[in-house]
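A.B. asks: Let me see the structure of the following:
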Amino acid sequence: MENKNEAVITNYIEKMMGERRQKIFESDEYIQQDNGDLDYLEERYSSLKIPYVIRRVVDDYIACLESRDERYADMSYVAGMGDAISLLIKMGMLNNQEQPLSINAE
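C.D. replies: This is a model prediction of the structure:
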C-alpha cells in the first residue's frame, strides 16, 4: 500500500511541477527574454562553420547543463514542498503528533 500511495503522490507532484513550470515560462519576463535570446543564439550557433566533432562536444555540454539545471529545479521544488509539509506538521496544522507552535508573541 505504501508504494501505491508513494506513486500517486509522486505522479501528482510531477503534474504540479509541470503546471507550475509552464505558468512560470509563460509569465516571467526574464524567462521570456532568455527564451528570445536562446532562439537568436541558436540561429547564430547553427550558422557557425565548425567541425562536426566540435559541434557534438558543444551540444553535449549544453545538454548536460540543461539536464542538470532541470534536475536541480525539480529537486528544489520537491525539497521546498517537504519543508512546507514539515513546517505545517510542526505548527500542528497537519496532525496532532507535535505541539502546535505559538504564533503570538507574548
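A.B. asks: What backbone torsions are found at Glu19?
C.D. replies: phi -70, psi -40 (degrees, to the nearest 10).
A.B. asks: what do you get for Met93?
C.D. replies: Dihedral angles (degrees, to the nearest 10) for Met93: phi -90, psi -10.
A.B. asks: hang on, isn't Gly95 packed against Ile89?
C.D. replies: Quick fix: residue 95 is Asn, not Gly. Yes - applying C-beta atoms under 8 Å, one finds Asn95 in contact with Ile89, separated by 6.4 Å. Heads up, the C-betas are built off the backbone N, CA and C, glycines and all.
A.B. asks: If you count surrounding residues, which of these two has more?
C.D. replies: Ile89 (14 against 8; other C-beta atoms under 10 Å).
A.B. asks: Can you tell me how far the more buried one is from Arg20?
C.D. replies: 23 Å (C-beta to C-beta, to the nearest Å).
A.B. asks: got it, and Gln32?
C.D. replies: In terms of C-beta to C-beta, Gln32 sits 16 Å off from Arg20.
A.B. asks: Now do Leu41, the pLDDT please.
C.D. replies: At Leu41, the model reports a pLDDT of 98.
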